[in-house]
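Participant: need a structure here:
(chains A and B)
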Amino acid sequence: MYNEVYKNSKVRKFYNQIYDWAKSLPENVIVKKKNEAENLFKKIGITFSVYNNFDSTERLIPFDMFPRIISSTEWKKIKRGVTQRALAVNAFLNDIYNSGEIVKAKLIPENLIYKNPAYEIKMIGFKVPKRIYSPIIGSDIVRINEKIFKVLEDNCRTPSGVSYMIENREIMMRMFPELFEKLKIETVENYPNYLLDTLKSLAPKKCNKEPKVVILTPGSLNSAYYEHSFLADLMGVELVQGNDLFVDESITYMKTTRGPEKVDIIYRRIDDKFIDPITFDSSSLIGIPGLFDSYKSGNVNICSAPGSGIADDKAIYSYIPEIIKFYLGEEPILENVKTWRCCEEDAKKYVLNNLNKLVVKEVHGSGGYGLLIGSKSSKKEIEIFRKKILSNPSNYIAQPILELSSVPIFDKKKLSPRHVDLRPFCLVGANKTKLVDGGLTRVALNQGSLVVNSSQGGGVKDTWILNE
Amino acid sequence: MLSRTAENLFWSARYIERADSLARLLEVGYRISLIPNTERGYTNEWESILETSGIKNEYLKKYKTISKEKIIFFILFDPENSSSVKNCIKTARENIRMVRTAVTLEVWNAVNSSYHELDKNLKDTKNILKEMPEIIEWIKKQVNLIRGTILNTQLINDGYDFLILGTYFERADFTARIINVKYFILLPSINYVGGDIDNFQWSLMLRSISSFRAFKWAYGGQEITYTKIIDFLILNMTCPRSLIFSIEKINHHLGRLSKFYKQTSTSNKKMALMYKKIKNLNANKITEIGLHEFLKSFIEEINFVYKKFEQKYFFGSET
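Facilitator: Just a heads-up that it's a prediction; the model follows:
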């Protein structure tokens, strides 16, 4: 396991100052600051909802004050790697919904794409504005050792967590201003401006004035609602729900106190199937009847485009290196994690024989649900998964159990290492890509745990890109 | 502004006003329970508190008998009572949370921390009867804090108008209901001898809208008479809880919206008429019409204005 702070028993160069600072904090100050941070989160209302057990109460996301540091050299590589993937993913989506060159070239099996439940038949042949399907991509990155960062997945639908990236920084700056005077920490506060620019660059065909952007949320009970309102606020755009919008003669409007107002770009934070009850799931109460028609007639843009989800299918993920080479003619800058696709006979055999050493994931699963960590599971749990894989092999992939790198947290006044990952957010506009220098570090708060999802006991840390 | 944003702002302010009114109403109940020899009257009083707040049926469904502890709990905290103070503040917060971007951070903080602290109060409460005065003081303080923050930090734009309209639609309705529940004590009955009972009842009514001292100031410490009370509660522009005061505010802010959006609506015209009418009234005329009849048609008219206002700004469907 790679410890990001210690090298042998010495503290690494980038962590020197912060480590001394953390060590110098008296116990009572740590406790006090922890409370202060919690109160700030509560006061600002940075909460997320958890829906299981019928109890949709709001919870605070656990925040740890020990920052995670990435040197600017390391960051440059991550940045280039993430950007490369974001461009490749968009080229891939554009291809598979149009001529399908990658299938013709036999680089990816036809079935994996055209029979994939995430492949949206209604999008075939449609020219998406500026050819950008997925303008916001959050790639989950893990650190393996001194040199190697690997990408675990690329979230291309509606990745969340960016509000924590910004708020974690706000709170650190409020609590420990002295650190920010001393160290050269890259700022993340431009993200909302970049996001707005990116969205505005994706105006639909029939928009001939300054485009009107809105964020579409499922509502205040959604787990990421805080983020939706946070982004709307910082971009200065309306946060709308389905019933705030309506479509008349293929034009999308929002209901305002002045009367109907035309909408041009919808940054939607609801799933494909809920977008429009006429075209997709007819039971959707949060969708807008006629929206898809308005979209296809070039009156409104929906970001990300319906059907983008196929690119974060975990089986497709395993082809990302090929996808990068095929569309960009480049070698991948960031590595993938070795992945066995259970739809392939040999791979399936290997997986079934090594279940105790692997992580098995559903191809469409997310949020840390529907997965098996072989080394941490009982025989019974392993057998359940064995049956699942046998009955529907193409629904599963397997990966080696990764030793995520670790960074300390303040655990009851003391420092104690915990596993972390990193999610930077890459923005893809009509003519340029943007990344703020930072990302969201998620941390598994339980000792030894590798699951960093907030729905399963994960917390967050401020992430610093330090200038050398 | 989004129609839903306007609606959320309106209702959050309305629920905050309601929490405030309920707290003040309970204060009266508390006062009565401190006065000896009003055993029978006291049961009636608690009953009429339930009636005034429009929750008597729900209460009786759950508890069957009138008991002050239960009523206090029901009005302050009961999660099953959709208009308990706790639920009012919770709903107000929900509404604000849905439109976080339309209020300042300070307004949000005031509402959000009220909600969290009330929850804590509830958990810490052991003897509800003993601790009630403190809780009520706290509620009034929070409401004043929220309202002060709105006044001091919000932009005075259309959103502000919707907030203020929520407050005064609720207040007009609540005051009208208080008078209506108690209208019989304001009737010049043949048995009327200006006795202590009447004085006591009237003073309670004034207290329930926090206007007991204000009344004394407004009428120079003269004897309380029913015409003066009618004048004060309905027609006195200096009394912030009088009907005319709320009507003037609603009229003013509807007018501002109309100017702001350069659009007029039925609610505007109807409200202007109502205001004009009430300005030309006096206590004797109201007695002539009949207080109960007057209040009935007042409540109907204001509901009509609200319906039109809602159609215009919240549903975008005024024809």
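Participant: What parts of the stretch 151-300 of chain B come near chain A?
Facilitator: Residues of the stretch 151-300 of chain B that fall close to chain A, judged by Cβ under 8 Å from any Cβ of the partner chain: B:158, B:257, B:261, B:263. For every residue, glycine as well, the C-beta is placed using N, CA and C.
Participant: now the residue in the stretch 101-250 of chain B positioned nearest to chain A, nearest residue through space, not along the chain?
Facilitator: Closest contact between the stretch 101-250 of chain B and chain A, by Cβ to the nearest Cβ, is at B:Thr101 (4.1 Å). Nearest non-adjacent residue to B:Thr101, counting by Cβ to Cβ, 6 or more residues apart in numbering or on different chains: A:Asp233, 4.1 Å away.
Participant: Return the residues in contact with the one you found.
Facilitator: Neighbouring residues of A:Asp233 by Cβ atoms under 8 Å, 6 or more residues apart in numbering or on different chains: A:239, B:100-101.
Participant: Contact residues of chain A facing chain B?
Facilitator: Near chain B, when you scan chain A using Cβ under 8 Å from any Cβ, you find A:42-45, A:219-220, A:225, A:229-230, A:232-233, A:238-241, A:243-244, A:254-260.
Participant: Could you check the lengthiest helix in chain A and say which residues are buried?
Facilitator: Secondary structure of chain A read by DSSP state H shows that its longest helix is helix A:72-96. Across helix A:72-96, burial judged by 16 or more other Cβ atoms under 10 Å in any protein chain shown covers A:74-75, A:78-79, A:81-96.
Participant: Could you do stretch A:145-164 as well?
Facilitator: A:149-164.
Participant: CA atoms only: put it into PDB for me.
Facilitator: Extracted C-alpha coordinates of stretch A:145-164, given in PDB (Å, rounded to 0.1, in the frame of the first residue of the first chain):
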ATOM      1  CA  ASN A 145       2.500   3.900  -6.000                       C
ATOM      2  CA  GLU A 146       5.000   6.800  -6.400                       C
ATOM      3  CA  LYS A 147       4.500   6.900 -10.100                       C
ATOM      4  CA  ILE A 148       1.200   5.400 -11.100                       C
ATOM      5  CA  PHE A 149      -2.300   6.800 -10.900                       C
ATOM      6  CA  LYS A 150      -5.000   4.600 -12.400                       C
ATOM      7  CA  VAL A 151      -8.500   5.400 -13.500                       C
ATOM      8  CA  LEU A 152     -11.200   3.300 -11.900                       C
ATOM      9  CA  GLU A 153     -14.100   4.700 -13.800                       C
ATOM     10  CA  ASP A 154     -15.200   7.700 -15.900                       C
ATOM     11  CA  ASN A 155     -18.500   9.100 -14.700                       C
ATOM     12  CA  CYS A 156     -20.000  10.700 -17.800                       C
ATOM     13  CA  ARG A 157     -23.600  11.200 -16.900                       C
ATOM     14  CA  THR A 158     -24.000  13.600 -14.000                       C
ATOM     15  CA  PRO A 159     -21.000  13.200 -11.700                       C
ATOM     16  CA  SER A 160     -21.600  14.700  -8.300                       C
ATOM     17  CA  GLY A 161     -19.300  16.000  -5.600                       C
ATOM     18  CA  VAL A 162     -18.000  19.200  -7.100                       C
ATOM     19  CA  SER A 163     -19.800  21.300  -4.500                       C
ATOM     20  CA  TYR A 164     -17.800  19.500  -1.800                       C
END
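Participant: quick one: average pLDDT of it?
Facilitator: Computed over stretch A:145-164, the mean pLDDT rounds to 92.
Participant: Tell me the gap between that stretch and the middle of its chain.
Facilitator: Relative to its chain's centre, stretch A:145-164 lies at 6 Å (Cα atoms, centre = their mean, to the nearest Å).
Participant: Next: stretch A:106-117.
Facilitator: 24 Å.
Participant: same question for it, mean pLDDT?
Facilitator: Stretch A:106-117 comes out at a mean pLDDT of 92.
Participant: if you go through chain B in chain order, where are the strands?
Facilitator: Per DSSP state E, chain B carries no strands over any range.
Participant: Output the below-cut-off pLDDT ranges for it.
Facilitator: Counting by pLDDT under 70, chain B has low-confidence residues at B:32-33, B:35-44, B:184-200, B:221, B:318-319.
Participant: One more pass at 80, please.
Facilitator: The model of chain B has pLDDT under 80 over residues B:28-45, B:48, B:101, B:181-213, B:216, B:220-226, B:317-319.
Participant: Following the record's annotation, map out the domains of it.
Facilitator: Domain ranges of chain B: B:1-154, B:156-319, per automatic domain parsing.
Participant: how long is stretch A:61-75 from one end to the other?
Facilitator: 26 Å (Cα to Cα, to the nearest Å).
Participant: what comes up buried for that stretch?
Facilitator: Buried residues in stretch A:61-75 (16+ other Cβ under 10 Å): A:61-70, A:74-75.
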